[in-house]
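Q: Output the structure for:
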Amino acid sequence: MQRDPLRGNLFENLVVMETLKSELNQGKDPRLFFYRDSHGNEVDLVIQSGHELTPVEIKSSQTWHRSFLKGINYFKSLLGDRVLKGTVIYGGDSNRTTDSYRLRSYKMLSAPQIHGTQP
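A: Below is the predicted model:
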């Protein structure tokens, strides 16, 4: 699968479906969306919890790159305080939390880490 040209799409779908499954298993009404505009700005997954939105970027890459935050930062610039800290889920090995985002390895991921209810 590492060399499959659809690897990124498959990885993204896997993360979205696991998020959906987790929400349903917790008895929640899953409020999952994505954002895309006519200028090519996008966020792979937006999780709504009440009035708050958590943007999630999903990358199959094993190497972190700051460009992963482009969509999250743009989304946050549009909606301001309504947007919580963004999460980047990627194929690497480490987790990190900063003032502006959470980086999560899919290998060590649980659904509460996506929303930010766990550090």
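
Q: Pro55 belongs to a strand?
A: Yes. Pro55: assigned to a strand according to DSSP: H, G, I helix; E, B strand; the rest coil.

Q: Begin at 31, not 1, for the rest of this chat.
A: Got it, the first residue is 31 from now on, which makes the last one we talked about Pro85.

Q: Per-residue confidence, it, what does it come out as?
A: You'll see Pro85 listed with a pLDDT of 97.

Q: Pretty sure it sits against Arg112.
A: No. Pro85 lies out of contact with Arg112 (C-beta atoms under 8 Å); the separation is 10.7 Å. Quick note: C-beta positions are derived from backbone N, CA and C, even for glycine.

Q: More neighbours: which of these two?
A: Between Pro85 and Arg112, Pro85 has the larger neighbour count (other C-beta atoms under 10 Å), namely 28 against 11.

Q: Specify the beta-bridge partners of that one.
A: Val76 (DSSP bridges).

Q: Contacts only, for it.
A: For Pro85, the residues meeting the contact criterion (C-beta atoms under 8 Å, 6 or more residues apart in numbering) are 65, 73, 75-76, 101-102, 105-106, 113, 116-117.

Q: For the residue lying closest to Lys89 once chain neighbours are set aside, give its distance to Lys137.
A: The spatial neighbour of Lys89 that comes closest, neighbours along the chain excluded (C-beta to C-beta, 6 or more residues apart in numbering), is Tyr120 at 4.5 Å. Using C-beta to C-beta, to the nearest Å, one gets 10 Å for the distance from Tyr120 to Lys137.
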